[in-house]
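Trainee: Have a look at this prediction, sequence included:
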Amino acid sequence: MAQRKNDDSLVSMADEIFELVKIASAVRTRAKGEQSEELTEAEFLAIDVLIHGQPMTVGEIQKRIGVLPAQMSRLIRSLESKRDGAFVSCSINPGDRRKIDVAVTDEGRNAYDAYRELRTRFARLILSDLGTEERESFMGILRHIKDVLQTRTALPE
């Protein structure tokens, strides 16, 4: 019986998380009309990987963010041809001329910072109603969930 109750609470928690994500997504969708985002989520992930370890080959980025080769090609082309200037620069890898190295440009870093600020501002707004103890408790839970995700998904570093 205890197992069944535990399963029910996990289902309830998963449902709450789903509802939270759904509401947050709807709010972001509405906000897009008010403030345009220069980056898609996939573009942001690619730049994030580069910011933490550039330059990288197209293949290394692809593996880190988990997209298909054709998607990665479109993603790189899109990042190279943004209206405010290229967000990445590409060059032939000196160690293997069959590979392309990718690095973030200043424009890409600015777009990355703007995207991140927009998303974290939204989170700060939501979390601002929590008291100090609630924030500390929630941070502990978030850190634990992050650790579990990183362990279980074994994303390449």
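Mentor: Cool, got the structure.
Trainee: in the protein, which spans are strands?
Mentor: 56-57, 88-92, 100-104 (DSSP state E).
Trainee: for the last one, packing partners?
Mentor: What it means is strand 100-104. If you count contacts as 3 or more Cβ pairs under 8 Å, 6 or more residues apart in numbering; DSSP states H and E, strand 100-104 packs onto helix 41-51, strand 56-57, helix 58-65, strand 88-92. In short, each C-beta sits where N, CA and C put it, glycine included.
Trainee: what's the closest of these to L118?
Mentor: Among the helices and strands packed on strand 100-104, helix 41-51 comes nearest to L118, with 10.3 Å by Cβ to Cβ.
Trainee: distance between that closest one and the chain's centre?
Mentor: Between the centre of helix 41-51 and the centre of its chain there are 7 Å (Cα atoms, centre = their mean, to the nearest Å).
Trainee: got the angle between that helix and helix 58-65?
Mentor: When axes from the mean of the first three to the mean of the last three Cα atoms, to 10 degrees is applied, the directions of helix 41-51 and helix 58-65 differ by 110 degrees.
Trainee: Quick one: list the elements packing against helix 41-51.
Mentor: helix 58-65, helix 69-80, strand 88-92, strand 100-104, helix 106-127.
Trainee: Let's have those in JSON lines, adding mean neighbour count.
Mentor: Below are the helices and strands packed on helix 41-51 laid out as JSON lines (neighbours: other Cβ atoms under 10 Å):
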{"stretch": "helix 58-65", "mean neighbour count": "18"}
{"stretch": "helix 69-80", "mean neighbour count": "16"}
{"stretch": "strand 88-92", "mean neighbour count": "15"}
{"stretch": "strand 100-104", "mean neighbour count": "20"}
{"stretch": "helix 106-127", "mean neighbour count": "14"}
